[in-house]
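Peer 1: build me a structure from this.
(2 chains)
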Number of protein chains: 2
Amino acid sequence: MKSTQIQCALDGKITPEMKQTSFTENIDEELVLERILNGSLVIMKRKYKSQTSIGAGATTKVNVNIGTSSACVDIDAEIEKALVAEKYGADTITDLSMGGEIKTIRRHIFNNTSVPITTVPIYETIIEHGLENLETDHLLKMIEQHVNEGISSLVLHLVDKKSLEHLKSSGRIMGMVSKGGSFTSSFMIKENCENPFIEYFDEILDILRRKDVVLSLGNSMRGGCVHDRFDSSQGMEIERNIHFAEKAKSYGVQTIIEGLGGHINASDISPHIKYYKSKTKFPLFVAGPLPTDISPGYDHIAGAVGASIASGAGADYMCYITPAEHLSLPTPTQVREGLVAFKIAAHIGDSIKYGLSDKDYELSKRRSVFDWNGQMQYAIDPEKPKEMCPKEGPCSMCGEYCAIQIMGEYLSKN
Amino acid sequence: MKSTQIQCALDGKITPEMKQTSFTENIDEELVLERILNGSLVIMKRKYKSQTSIGAGATTKVNVNIGTSSACVDIDAEIEKALVAEKYGADTITDLSMGGEIKTIRRHIFNNTSVPITTVPIYETIIEHGLENLETDHLLKMIEQHVNEGISSLVLHLVDKKSLEHLKSSGRIMGMVSKGGSFTSSFMIKENCENPFIEYFDEILDILRRKDVVLSLGNSMRGGCVHDRFDSSQGMEIERNIHFAEKAKSYGVQTIIEGLGGHINASDISPHIKYYKSKTKFPLFVAGPLPTDISPGYDHIAGAVGASIASGAGADYMCYITPAEHLSLPTPTQVREGLVAFKIAAHIGDSIKYGLSDKDYELSKRRSVFDWNGQMQYAIDPEKPKEMCPKEGPCSMCGEYCAIQIMGEYLSKN
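Peer 2: Below you'll find the model as predicted:
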């Protein structure tokens, strides 16, 4: 059996993957090894294709969710979304398909991409067996199937009975808004049992370890509106996820924790993330967060605001939000809009984490001399602005009355 | 001659406008008067039509720039932009027209709107006389014309010779990016004279006072890229604008200060605004700010991030940015996109300034029971999401597997 990154790090062995991370993220190889070992940095790998690094010292990464739903199945659209996600710079793709031929759709997504792929195996299990007939064994088999298909990362929701009780008395407006969390919870409620992923956690770790699949601990308890403030259910989930992440690490399984995503009052985003970071080193994955509820149709913009603040405060990995959030399954165009918004947020967050980027410098140098093609080399999405800018000279906003041009001569006489 | 708001406040007289502000902004009438008097709150009035309040205790306001350029003249498009701006909630509109029949365009904008209108009179003066033939007298006459036409607010750029010298040695990549600032500066450079608006400041105040037109002191020295950090030119401009705002106030002229707009490193936005607020009470008007340069085509999103942080830190009034920024004159659709992005930013900023809004609560209550029409009453732009959402039940993102629905029954059994 091949060793995982953590197992290699324990042996003091710098792997080709660690070397690659060192190069891409500009972190010393020894430091990469140290961070893999202490759990603060994770390498998510797509076999023979690519890898991405998430956590301490790495740039903020963006995940794109795609996939059919029971209400909307269009394989061609999903393939196009996968292509769009990769083209516009998604660091990872999560396939959340729950409609149509799920395995076929996943195979198409695999065949059309090279970035790491994540799944939430309970989704397909529910479709295959139905919520009513679900058994623990079905879940374990599905996890094994997905791992064998070559996924890079997998999401489990470790909600427990105690926190479900807390949720009941939380007085939340939106209750639970995590789909994976609600599936897991409804199974626990129906069977009146503890969480099967917790019960069989060791067995699952054993499966993940075989292929060094990254474990992502889901954020079942995230708030569904800004008025549902941080509560005991969320606090307990963070503690619980840290506990299980430590256990996974001791098994040699790389782990990231989803938390503090969803809808969060803008004032709370930064303090909450700093609180998380004070408690644990595991990379933090946030969905959004959305600092307002009243922007339907434009939640990618509100999400970019929350994600910029979150990333700047220390979030390592962000799940994008599209303009269709809360309304419908996104179209390929909306996938692009959501992704670009979150690439902007990650970039702004990184400027807070690590200081200003050379890309901003290089683009501005070219902007100051009206070098339009030169500018677009550094643009997050070069295609859209190329359709809008002039071929040469000042743009049509000011025409001949361009401040840069008017003042250029005076300022160049030094 | 009618007294201005400040003059009435000096007499201890609560005006109908102050009463209206008290009602709209939920501030005690006495406090409104006190704030008008100390300059921290300004009432911008559109005669017989509307007013908006900017400053201490008021919600963050958003300005929309429209107008033709010398490179792009389409009166119908400008009328449509004015209609779009008003429809989607612009608090004020600034007409920056520099192409075509400027007076006709302005008249159309007046006829099609009811919100306060701002102009930058040097723009039209330059078009009428040319940069080469510009004289101080032309500027004063144009100011008087605009005031007589019924503008609510007017922008002057008070750049001085000393700060122009500083700018020369600043080593900035982008130099000066303020159009009004560059016009004023080029006149000063050509004539080798001090700023005519400074030289004739008393005369200008006298004109403004007659109609209680709000004076907006322009931000000539804003940075044009994030690598052009806060410098002595910007620092001097803030000091100078505060000095002239105090003078205007003593004349009974309400004043706002434009500053700390443009491109600013994300980490600096909040500290810089807090620095400004520690120095003066005058309302702060920011353009953007943009925390990155590499988002051409999506600068409304990067701008919404900067504006949310700025508003949360205390900015009172924000000039929107459209997706066309740096590329071309915006289309009506792009005006809507930019405005909605900035309405979201203002709302997020207000949640930081004043706490969470009832609108978020009301929308979420309706979201939790799939009341789609109910939700849209509280949406910042209800039309776009209405085109995307279902008529009833869960949306197509999750279909029958909706977390809210799945967990609803369990959580309602309390």
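
Peer 1: just the element for A:E78, please.
Peer 2: Secondary structure assigned from DSSP states H and E places A:E78 in helix A:75-87.

Peer 1: does that helix reach chain B?
Peer 2: No - figure legend: helix A:75-87 not in contact with chain B (C-beta under 8 Å from any C-beta of the partner chain); closest approach 11.9 Å. Glycine gets a C-beta too; all of them are placed from N, C-alpha and C.

Peer 1: do the same with stretch A:363-380
Peer 2: Yes - Stretch A:363-380 is in contact with chain B by C-beta under 8 Å from any C-beta, via A:L363, A:S364, A:K365, A:R367, A:S368, A:Q375, A:M376, A:Y378, A:A379, A:I380.

Peer 1: from the chain's centre, how far out does the host helix or strand of A:I126 sit?
Peer 2: Using DSSP H and E, the element containing A:I126 is helix A:121-133. Relative to its chain's centre, helix A:121-133 lies at 24 Å (C-alpha atoms, centre = their mean, to the nearest Å).

Peer 1: go on, stretch A:391-403?
Peer 2: Centroid separation between stretch A:391-403 and its chain, computed with C-alpha atoms, centre = their mean, is 39 Å.

Peer 1: okay, now the domains of chain A?
Peer 2: A:57-354, A:369-413 (automatic domain parsing).

Peer 1: what are the boundaries of the strands in the stretch 201-350 of chain A?
Peer 2: A:214-217, A:255-258, A:284-287, A:317-319 (DSSP state E, counting those that start in this stretch).

Peer 1: just the stretch 1-150 of chain A next, same as before
Peer 2: A:41-46, A:50-55, A:61-66, A:92-95, A:117-119.

Peer 1: looking at the ones you listed, which is closest to chain B?
Peer 2: Nearest of those to chain B, taken as C-beta to the nearest C-beta: strand A:61-66 at 9.5 Å.

Peer 1: in PDB, list the C-alpha atoms belonging to that closest one.
Peer 2: This file holds the C-alpha atoms of strand A:61-66, laid out as PDB (Å, rounded to 0.1, in the frame of the first residue of the first chain):
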ATOM      1  CA  LYS A  61      -8.500  28.400  -3.400                       C
ATOM      2  CA  VAL A  62     -11.900  28.400  -5.000                       C
ATOM      3  CA  ASN A  63     -14.200  25.400  -5.400                       C
ATOM      4  CA  VAL A  64     -17.000  25.300  -7.900                       C
ATOM      5  CA  ASN A  65     -20.100  23.100  -7.300                       C
ATOM      6  CA  ILE A  66     -21.800  21.700 -10.300                       C
END
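
Peer 1: where in chain A is pLDDT low?
Peer 2: The model of chain A has pLDDT under 70 over residues A:1, A:413-414.

Peer 1: quick check: longest helix in it by residues?
Peer 2: Ranked by residue count and defined by DSSP state H, the top helix of chain A is helix A:332-354.

Peer 1: and the angle from it to helix A:75-87?
Peer 2: Per axes from the mean of the first three to the mean of the last three C-alpha atoms, to 10 degrees, the angle that helix A:332-354 makes with helix A:75-87 is 30 degrees.

Peer 1: do helix A:332-354 and chain B meet?
Peer 2: Yes - counting by C-beta under 8 Å from any C-beta, chain B is contacted by helix A:332-354 at A:V340, A:A341, A:I344, A:A345, A:H347, A:I348, A:G349, A:S351, A:I352.

Peer 1: re the thing from before, by contact count, what packs against the helix holding A:E78?
Peer 2: Of the remaining helices and strands, those touching helix A:75-87 by 3 or more C-beta pairs under 8 Å, 6 or more residues apart in numbering or on different chains; DSSP states H and E are strand A:61-66, strand A:92-95, helix A:102-111, helix A:332-354.

Peer 1: mean neighbour count for these - can I get that in CSV?
Peer 2: Below are the helices and strands packed on helix A:75-87 laid out as CSV (neighbours: other C-beta atoms under 10 Å in any protein chain shown):
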stretch, mean neighbour count
strand A:61-66, 26
strand A:92-95, 26
helix A:102-111, 17
helix A:332-354, 24
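
Peer 1: ok, which of these comes nearest A:R229?
Peer 2: helix A:332-354 (22.6 Å; C-beta to C-beta).

Peer 1: elements contacting that closest one?
Peer 2: Contacts defined by 3+ C-beta pairs under 8 Å, 6+ apart place helix A:332-354 against strand A:61-66, helix A:75-87, helix A:299-313, strand A:317-319, helix B:266-279, helix B:299-313.

Peer 1: what comes up buried for the fifth one?
Peer 2: Judged by neighbour count (16 or more other C-beta atoms under 10 Å in any protein chain shown), helix B:266-279 contains these buried residues: B:A266, B:S267, B:D268, B:I269, B:S270, B:H272, B:I273, B:Y276, B:K277.

Peer 1: please state the offset of that helix from the chain centre?
Peer 2: 18 Å.

Peer 1: flag every residue of the stretch 151-300 of chain A that's near chain B.
Peer 2: Listed as neighbours of chain B in the stretch 151-300 of chain A under the rule C-beta under 8 Å from any C-beta: A:164, A:167-169, A:172-179, A:181-183, A:185-186, A:189, A:224-228, A:265-267, A:291-298, A:300.

Peer 1: out of those, which end up buried?
Peer 2: Neighbour counting over those (16+ other C-beta under 10 Å) leaves A:164, A:167-168, A:172-179, A:181-183, A:185-186, A:189, A:224-228, A:265-267, A:291-298, A:300 as the buried ones.

Peer 1: from those, which land in helices?
Peer 2: Going by DSSP H, the helices hold A:164, A:167-168, A:179, A:181-183, A:185-186, A:189, A:266-267, A:300 from those.

Peer 1: closest one of those residues to chain B?
Peer 2: A:S182 (3.7 Å).

Peer 1: in contact with that closest one, which residues?
Peer 2: Applying C-beta atoms under 8 Å, 6 or more residues apart in numbering or on different chains, we find A:S182 in contact with A:M176, A:S220, B:A403, B:I406, B:M407.

Peer 1: may I have the phi/psi pair for the second one?
Peer 2: Looking back up the chat, that one is A:S220. Main-chain torsions, A:S220, degrees, to the nearest 10: phi -60, psi -30.

Peer 1: what about the closest residue to it other than its chain neighbours, distance to A:N241?
Peer 2: What sits nearest to A:S220 in space, not counting adjacent residues and going by C-beta to C-beta, 6 or more residues apart in numbering or on different chains, is A:G181, at 2.6 Å. Using C-beta to C-beta, to the nearest Å, A:G181 is found at 12 Å from A:N241.

Peer 1: what do you get for A:T119?
Peer 2: A:T119 is 19 Å from A:N241, by C-beta to C-beta.

Peer 1: before we move on, what about A:C389?
Peer 2: 46 Å.

Peer 1: these two: which has the busier surroundings?
Peer 2: Using other C-beta atoms under 10 Å in any protein chain shown as the criterion, A:C389 and A:N241 rank with A:N241 on top: 27 against 21.

Peer 1: quick revisit: I'd like the strands of the stretch 201-350 of chain A laid out as CSV, including distance to B:R106.
Peer 2: What follows is those, written out as CSV (distance: least, C-beta to C-beta, whole Å):
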stretch, distance to B:R106
strand A:214-217, 57
strand A:255-258, 53
strand A:284-287, 47
strand A:317-319, 44
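
Peer 1: tabulate those (JSON lines), appending mean neighbour count.
Peer 2: Compiled in JSON lines, the strands of the stretch 201-350 of chain A are given as follows (neighbours: other C-beta under 10 Å):
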{"stretch": "strand A:214-217", "mean neighbour count": "27"}
{"stretch": "strand A:255-258", "mean neighbour count": "25"}
{"stretch": "strand A:284-287", "mean neighbour count": "28"}
{"stretch": "strand A:317-319", "mean neighbour count": "26"}
